[in-house]
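**Student:** here's my sequence, what's the structure:
(one chain, ligands or ions: 1)
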Amino acid sequence: MEIVTRIIQLTVLACISVSTHSAWELNMTKSATAIGREIHGLHMTIFYVCVAIAIVVFGIMLYSIIRHRKSLGATAKPFHESTVVEIIWTTIPLIILVVMAIPATQTLIAMYDTETSDIDIKVTGYQWKWRYEYLSEQEQGIDFFSTLTTSQDQMIGLETKSENYLLEVDNAVVIPINKKVRFLFTAQDVIHSWWVPELAVKKDAIPGFINESWTKVEKVGTYRGQCAELCGQGHGYMPIVVKAVSAEDYQAWVKEQKSKQLNANKVEELTMEQLMAQGKASYDKNCAACHQVSGLGIPPVFPALKDSPIALGDMEKHIDIVVNGQPGTAMAAFGEQLTPTEIAAIITYERNAWGNNKGDSIQGAEIVSFKQAQGQ
Ligand SMILES: [Cu+2]
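**Tutor:** Down below sits the predicted model:
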């Protein structure tokens, strides 16, 4: 009985507190795009049609039950197979369905119309991050990964959670406002789904297939979303951040990205301290989801790197597994995801962290020659 009292108390509390009302929001997200508002409008139209049908049907039913109840002496009419009734209950629903199909088809056609786009972006899902490649002429060559930046300490409760906990990334995908942006979705490993509620875009990213969608954002702002397909242990850790900016800001961003891209493969010589510091930061961001911050992994699926024969063994083999991954396992090829300097720093860190104390280090230039020797 105590539990019932408790539930009643909680319900009453929830009803009277204003702040919980927003959390109780049941309807679809209000969109920042015209097509999103159209989808919302369609959803409301269909909803009201359903409400009207419910009122009419249950109204007649309740009226009949009460008006013709047995205690008033009502007796059923003994007829069978009425052609008139059958025609009525077939045509009315048919008309309702056709009436609903017209706006629904119009909206669907608009949603699927990816023609005449101004900018094309290929979006690839990885376990567990997103990659954005700009395909249109002007942005050609812009290609980057977008990885969660929420720290492990926040996740395990050692730090207070930030405002955009689990919804923040290092590189947001940047688009200009009032331009039609076409997205092409695919995935590298398993099925993911790119979902940003305020843009009304939700599309599966499937290995070997290309799905399309588009958006045209009207207001400058940051729009956040998440992967919406259970894609493994890190499914909750691959958020999406879209930054819609003015045309001028967009031009500036494109310029900055292009120069960044040119410098990406420039490697600089780092000291041991620099390698270890950069290595820890990159490791925690890119590797800790599986191998853990502690380097202890989650055996037997994700091996420990502390005392690992590979992390403490031959340098060549160690570079190979990080650059090329281990096909058929969750260990991805990081050669194209990270810069040579980042890879060198991570490998140095792995060989000297958690008591591994191997004492050796490696520079980005050696990663570049390793990749070149393999024709990459
Ligand atoms: Cu995913």
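
**Student:** using CSV, write out every CA atom in stretch 51-59.
**Tutor:** Extracted C-alpha coordinates of stretch 51-59, given in CSV (Å, rounded to 0.1, in the frame of the first residue of the first chain):
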residue,chain,number,x,y,z
VAL,A,51,-9.8,12.9,-32.4
ALA,A,52,-12.9,13.7,-34.4
ILE,A,53,-13.4,10.1,-35.4
ALA,A,54,-13.0,9.0,-31.8
ILE,A,55,-15.6,11.5,-30.6
VAL,A,56,-18.2,10.5,-33.2
VAL,A,57,-17.7,6.7,-32.9
PHE,A,58,-17.5,6.6,-29.0
GLY,A,59,-20.3,9.2,-28.9
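
**Student:** state the mean pLDDT of that stretch.
**Tutor:** Here stretch 51-59 scores 96 as its mean pLDDT.

**Student:** got it, and stretch 32-46?
**Tutor:** 93.

**Student:** buried set for it?
**Tutor:** Going by neighbour count (16 or more other Cβ atoms under 10 Å), the buried part of stretch 32-46 is 32-33, 35-36, 38-40, 42. Any C-beta I mention is one placed from the backbone N, CA and C, and that applies to glycine too.

**Student:** now swap in stretch 216-230 and tell me
**Tutor:** 216-217, 223-229.

**Student:** with secondary structure added, can I get those residues in a markdown table?
**Tutor:** Shown next, in a markdown table, are the buried residues of stretch 216-230 (DSSP: H, G, I helix; E, B strand; the rest coil):
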| residue | secondary structure |
| --- | --- |
| Lys216 | coil |
| Val217 | strand |
| Tyr223 | strand |
| Arg224 | strand |
| Gly225 | strand |
| Gln226 | strand |
| Cys227 | strand |
| Ala228 | coil |
| Glu229 | coil |
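
**Student:** which ones among the buried residues of stretch 32-46 lie within helices?
**Tutor:** 35-36, 38-40, 42 (DSSP state H).

**Student:** keep only these that also lie close to the ion.
**Tutor:** Near the ion, judged by Cβ under 5 Å from the ion, there are no entries from those.

**Student:** what's the closest of those residues to Asp249?
**Tutor:** Gly36 (22.4 Å; Cβ to Cβ).

**Student:** now the strands: where do they sit in this structure?
**Tutor:** For the chain, the strands defined by DSSP state E cover 119-126, 129-134, 143-146, 173-176, 181-187, 192-196, 201-205, 211-215, 221-227, 240-245.

**Student:** comparing those, which comes out most buried?
**Tutor:** Of the strands of the chain, the one with the most neighbours on average (mean count of other Cβ atoms under 10 Å) is strand 192-196, at a mean of 24.

**Student:** between strand 240-245 and it, find me the angle.
**Tutor:** 40 degrees (axes from the mean of the first three to the mean of the last three Cα atoms, to 10 degrees).

**Student:** paired strands for strand 192-196, with orientation please.
**Tutor:** Applying DSSP bridges, strand 192-196 is found paired with strand 201-205 (antiparallel), strand 221-227 (antiparallel).

**Student:** can you give me the angle the first one makes with strand 129-134?
**Tutor:** Following the same axes, to 10 degrees, one obtains 100 degrees for the angle between strand 201-205 and strand 129-134.

**Student:** still on that earlier bit, tabulate the strands paired with strand 192-196 (JSON lines), appending mean pLDDT and distance to Val173.
**Tutor:** Formatted as JSON lines, these follow (pLDDT from 0 to 100; distance: least, Cβ to Cβ, whole Å):
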{"stretch": "strand 201-205", "mean pLDDT": "96", "distance to Val173": "12"}
{"stretch": "strand 221-227", "mean pLDDT": "96", "distance to Val173": "10"}
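
**Student:** mind checking those for the one nearest to Ile66?
**Tutor:** strand 201-205 (45.2 Å).

**Student:** the closest one close to the ion?
**Tutor:** No - applying Cβ under 5 Å from the ion, one finds strand 201-205 separated from the ion by no less than 7.7 Å.

**Student:** next: stretch 167-186.
**Tutor:** No - Stretch 167-186 lies apart from the ion when judged by Cβ under 5 Å from the ion; the minimum separation is 11.4 Å.

**Student:** just the mean pLDDT for stretch 140-148, thanks.
**Tutor:** So the average pLDDT for stretch 140-148 ends up being 90.

**Student:** closest to Cys50 out of the strands of the chain?
**Tutor:** So among those, strand 201-205 is nearest, using Cβ to Cβ, at 22.4 Å.

**Student:** quick one, what contacts Phe302?
**Tutor:** Shown in contact with Phe302 (Cβ atoms under 8 Å, 6 or more residues apart in numbering): 290-292, 330.

**Student:** quickly list what it is bridged to.
**Tutor:** Ile298.

**Student:** who in the stretch 51-200 of the chain is up against the ion?
**Tutor:** Counting by Cβ under 5 Å from the ion, the residues of the stretch 51-200 of the chain near the ion are His192.

**Student:** residue in the stretch 51-200 of the chain nearest to the ion?
**Tutor:** His192 (3.3 Å; Cβ to the ion).

**Student:** quick check: that residue touching Cys227?
**Tutor:** Yes - in this structure, His192 is within contact of Cys227 by Cβ atoms under 8 Å, at 5.0 Å.

**Student:** now do the shared contacts for those two.
**Tutor:** Common contacts of His192 and Cys227, defined by Cβ under 8 Å, 6+ apart, comprise 125, 238.

**Student:** any weak-confidence spans in this structure?
**Tutor:** Scanning the chain for pLDDT under 70 picks out the ranges 1, 13-23, 264-265.

**Student:** what about it, which residue is the most distant from its middle?
**Tutor:** Using Cα atoms, centre = their mean, the residue of the chain lying farthest from its centre is Gly73. It sits 62.7 Å away.

**Student:** what does it show for phi and psi?
**Tutor:** phi 90, psi 20 (degrees, to the nearest 10).
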